[in-house]
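**Student:** Need a 3D model of the following:
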Amino acid sequence: MRRSRKVKILATLGPASSEESQIRALLDAGADCFRINMSHADHALMRTLVGRIRNVEKAAGRPIGILADLQGPKLRIGSFADGAQTLQVGQTFTLDDDPAPGDATRVHLPHPEILKSVEPGHRLLIDDGRLHLEAESADGRAIVCRVVAGSRISDRKGVSLPDTDLPVGALTEKDRRDLDAVLASDVDWIALSFIQRPDDLAEVRKVARGRAALMSKIEKPQAVRRLSEIIELSDALMVARGDLGVEMPLESVPGIQKQITRAGRRAGKPVVVATQMLESMISSPVPTRAEVSDVATAVFEGADAIMLSAESAAGQYPVEAVATMDAIAEQVERDPTYAGIINAQRSEPEATGADAISLAARQIAETLNLSAIISFTSSGTTGLRAARERPRVPIVALSPVAATARRLSLVWGLHCVVAPDAVDLDDMVDRACRIAHREGFARPGDRVIVTAGVPLGTPGATNMLRIAYVGADGLGGL
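**Tutor:** A predicted model of the protein is given here:
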């Protein structure tokens, strides 16, 4: 199952796509990885979905990555005695620690950490920003606010705090239970919601102990301000544009998307662009022109993966949404301007052997018009550094570790294959050529370039490059 595009598609599973036959249909339509949203999935459902994905993986003979997306802290106001209330711009409204039902002047805020952290001048955005409050005074038990914009407030609406650093981690008690469950189910990626600071990753790393890779969802201005530190401690990033667009001015989100995408590429870490990419396809068999342009922009920018949320999880046209995203991505990558845009964003290699080898592999493959770059990768580092170069030729990532191949299935341009490690250099060349031929990347007489770490199987030690011919029998020769 060889894709004719390099950007990957991450599809969310849900009521519209939870059966094994539906998962296979999404894979055939173009999905490369699957997301399980722990905000909506209990542990039993999560384990069922993981089992069904693994069954599809076995039948397809292609490694499939699974992302478990933790819910993160959900900050909500309390309830009102008489239902929804109508406020007036300029009036005073208070959020406090009194559990009594609210009215048009106040409401309970069951989060002492917010009451103690908000300062005068801080913004409080209710119901995805539909109601904008600004704090005028705060004493640790109540926040007296002025209504800046909007008028309606109702039970249990969410609270966003773009100006406030909360002294709590990103993991809730629910997240801790979910984390233990997903790690026991052998998922490949864990997405952390509402990251504010690098320290938010430390607890999860301690629990995960390398059993899954960590993806930081960038959806708060605090995370944008500390992006470089968060990247350093993350294995991947997600541009979570939904909450980012609530907590930051909408007009700033496209620029932030580009900043995150380019920063991730410089670091050699995958970046997923998410939220509302084909939103209208929840109820329509075709997207809007603006949505097509939005998906295309992420592909032109060099994102590793583009994600579908409700479109594939709960929409009426989940397979059509994946197929549409696949068609847009393929067309963009065929566009004559695509290569120039991708090349213009290329970063200088770091002063490491892995980067030097990856740079040389790309330059040699493109100069000699080779058929493919074959990267042997145990830990995934060689594959990541090869993808960072964004070569025009295909990259085949060979790993003896199934978990590595599954994680790399999210990475730009990597065609992942699980294969036993080579026993020596000759076997490595033969194995690379045989798999390149079998997977449809090279024909007899073609040349490929092989990168690996020597001694073979040494994680993170990319230090060897070979050019090989694919022989008539599919085996290799110098």
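**Student:** residue boundaries of the helices in the stretch 251-400 of the chain?
**Tutor:** 253-267, 289-300, 310-313, 318-334, 338-344, 353-367, 381-388 (DSSP state H, counting those that start in this stretch).
**Student:** For residue 273, find the nearest of the ones you listed.
**Tutor:** Residue 273 lies closest to helix 289-300 among these, at 4.1 Å (Cβ to Cβ). Where C-beta positions appear, they are placed from N, C-alpha and C, glycine not excepted.
**Student:** how about residue 9, phi and psi?
**Tutor:** phi -120, psi 130 (degrees, to the nearest 10).
**Student:** Let me see the contact set for it.
**Tutor:** Listed by Cβ atoms under 8 Å, 6 or more residues apart in numbering, the contact partners of residue 9 are 30-33, 305-308, 322, 325-326, 329.
**Student:** at 7 Å instead, please
**Tutor:** Residues counted as contacts of residue 9 (Cβ atoms under 7 Å, 6 or more residues apart in numbering) are 30-32, 305-306, 322, 325-326.
**Student:** Are any of these buried, and if so which?
**Tutor:** Buried members of the contacts of residue 9, counted by 16 or more other Cβ atoms under 10 Å: 30-32, 305-306, 322, 325-326.
**Student:** re the thing from before, could the helices of the stretch 251-400 of the chain go into a markdown table alongside distance to residue 214 and mean pLDDT?
**Tutor:** Below are those laid out as a markdown table (distance: least, Cβ to Cβ, whole Å; pLDDT from 0 to 100):
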| stretch | distance to residue 214 | mean pLDDT |
| --- | --- | --- |
| helix 253-267 | 13 | 96 |
| helix 289-300 | 22 | 98 |
| helix 310-313 | 22 | 97 |
| helix 318-334 | 25 | 98 |
| helix 338-344 | 26 | 94 |
| helix 353-367 | 21 | 93 |
| helix 381-388 | 14 | 93 |
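**Student:** Of the ones you listed, which is nearest residue 211?
**Tutor:** Comparison of the helices of the stretch 251-400 of the chain against residue 211 by Cβ to Cβ identifies helix 381-388 as nearest, at 17.6 Å.
**Student:** what's the spacing between the closest one and its chain's center?
**Tutor:** 17 Å (Cα atoms, centre = their mean, to the nearest Å).
**Student:** Okay, buried residues for it please.
**Tutor:** Buried positions in helix 381-388, judged by neighbour count with 16+ other Cβ under 10 Å: 381-388.
**Student:** who does that helix touch, helix- and strand-wise?
**Tutor:** With contacts defined as 3 or more Cβ pairs under 7 Å, 6 or more residues apart in numbering; DSSP states H and E, helix 381-388 has these neighbours: helix 353-367, strand 372-376, strand 395-399, strand 447-453, strand 462-470.
**Student:** now with 8 Å?
**Tutor:** helix 353-367, strand 372-376, strand 395-399, helix 402-408, strand 414-418, strand 447-453, strand 462-470 (3 or more Cβ pairs under 8 Å, 6 or more residues apart in numbering; DSSP states H and E).
**Student:** Would you mind finding the most buried of these?
**Tutor:** Of all the helices and strands packed on helix 381-388, strand 372-376 carries the top mean neighbour count, a mean of 29, counting by mean count of other Cβ atoms under 10 Å.
**Student:** Specify the beta-bridge partners of residue 152.
**Tutor:** residue 86 (DSSP bridges).
**Student:** Now do the same for it: its pLDDT.
**Tutor:** Per-residue pLDDT puts residue 152 at 95.
**Student:** now swap in the one 5 residues further on and tell me
**Tutor:** Looking at residue 157, its pLDDT is 96.
**Student:** likewise residue 423?
**Tutor:** Listed pLDDT for residue 423 reads 87.
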